[in-house]
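In: here is a sequence with its predicted model. Questions after.
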Amino acid sequence: MPMTGIIDYNAGNIQSVKHALEYLKAPFILSKNPKDLEGVDKIIFPGDGDAAYAMQQLKETGFDSFLGDWVKAGKPLMGICIGAQIVFDYSEEGNTRCLGFIPGTIRHFSSLWAERHPSQEEKEGSSLLSTEFKVPHMGWNDVTFCNGGTKLCDGVADHSDFYFVHSYVMQPDNPAIIKGYAHYGTMVPAIVAYGNITVFQFHPEKSGEAGLHILKNFVEDKPC
């Protein structure tokens, strides 16, 4: 089985990914040092929390340039949660310039909802923003595959439930690279695939059998 690297850049959510790979009996290296991961076959880029802090940690550890070289070399990269978001160009969170691997932006739910629910509607108390939907989007939500899906989801049923925790939403410039979406007051891209990069807004490692199947496909060298 190929060797998988897990990037530890002090951004949380690392141990749950480690435990999932241990459960799958997949060989991996978890490290805070880019040099330790130079010989692995694929990378999982997890993380929770703030985009600006995450980018600061990547720059301080050298993982920003390591990931840039990795992507340019065409090697497989899986991003999860904040690791999915900061591969885009820009995040509204902290007005953060991100890694720029996937063209697009990361926007807060409220800014997307505001475009769909005029301010007058909010004043009248009828806006979904203040009633039905809370931020963060937290808990289980079903995901619909689209645009041909991704091979990493082979063996996973369409409309399977996955576990989400996020306040910001991926907005790729090209909607054709969205491979799965959920609904939460707006369409929420949940899976985006771009070249050798596949990113998941939900947490596969916390999503039961369906999530573990996605991780299994990745570590066993399933094509993206």
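Out: Perfect, thanks for sending it.
In: least trustworthy helix or strand in the chain by mean pLDDT?
Out: Lowest mean confidence among the helices and strands of the chain (mean pLDDT, DSSP states H and E): helix 119-123, at a mean of 51.
In: give the next helix or strand downstream of that one.
Out: As assigned by DSSP states H and E, the chain's next helix or strand after helix 119-123 is strand 137-142.
In: now that next one - C-alpha only, CSV.
Out: Provided in CSV are the C-alpha atoms of strand 137-142 (Å, rounded to 0.1, in the frame of the first residue of the first chain):
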residue,chain,number,x,y,z
HIS,A,137,-23.1,24.5,9.9
MET,A,138,-22.5,21.7,12.4
GLY,A,139,-23.7,18.1,12.2
TRP,A,140,-24.8,15.5,9.6
ASN,A,141,-25.9,16.5,6.1
ASP,A,142,-26.5,14.5,3.0
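In: for it, the distance to its chain's centre please.
Out: Centroid displacement of strand 137-142 relative to its chain, using CA atoms, centre = their mean, to the nearest Å, is 14 Å.
In: same thing with stretch 94-104?
Out: 13 Å.
In: report the separation between the residue minimising distance to the centre of the chain and residue 44.
Out: Geometric centre of the chain, nearest residue: residue 84, 2.8 Å, by CA atoms, centre = their mean. Between residue 84 and residue 44 the computed distance is 11 Å (CB to CB, to the nearest Å). Heads up, the C-betas are built off the backbone N, CA and C, glycines and all.
In: where does residue 29 fall, secondary structure wise?
Out: Per DSSP H and E, residue 29 falls inside strand 28-31.
In: show me where the chain dips below the pLDDT cut-off.
Out: 116-131, 222-224 (pLDDT under 70).
In: please repeat the previous calculation with a cut-off of 90.
Out: 1, 10-14, 47-49, 111, 113-133, 185, 221-224 (pLDDT under 90).
In: what ranges does it have for its strands?
Out: Taking DSSP state E as the criterion, the chain carries its strands at 4-7, 28-31, 42-45, 77-80, 88-91, 96-97, 102-108, 137-142, 144-145, 161-166, 168-172, 178-183, 187-194, 197-200.
In: how about JSON lines for the ones you listed, with mean neighbour count and distance to residue 65 added?
Out: Converted to JSON lines, the strands of the chain look like this (neighbours: other CB atoms under 10 Å; distance: least, CB to CB, whole Å):
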{"stretch": "strand 4-7", "mean neighbour count": "24", "distance to residue 65": "13"}
{"stretch": "strand 28-31", "mean neighbour count": "17", "distance to residue 65": "16"}
{"stretch": "strand 42-45", "mean neighbour count": "24", "distance to residue 65": "14"}
{"stretch": "strand 77-80", "mean neighbour count": "26", "distance to residue 65": "14"}
{"stretch": "strand 88-91", "mean neighbour count": "21", "distance to residue 65": "17"}
{"stretch": "strand 96-97", "mean neighbour count": "16", "distance to residue 65": "15"}
{"stretch": "strand 102-108", "mean neighbour count": "19", "distance to residue 65": "18"}
{"stretch": "strand 137-142", "mean neighbour count": "15", "distance to residue 65": "32"}
{"stretch": "strand 144-145", "mean neighbour count": "17", "distance to residue 65": "34"}
{"stretch": "strand 161-166", "mean neighbour count": "20", "distance to residue 65": "26"}
{"stretch": "strand 168-172", "mean neighbour count": "22", "distance to residue 65": "23"}
{"stretch": "strand 178-183", "mean neighbour count": "22", "distance to residue 65": "28"}
{"stretch": "strand 187-194", "mean neighbour count": "24", "distance to residue 65": "20"}
{"stretch": "strand 197-200", "mean neighbour count": "26", "distance to residue 65": "16"}
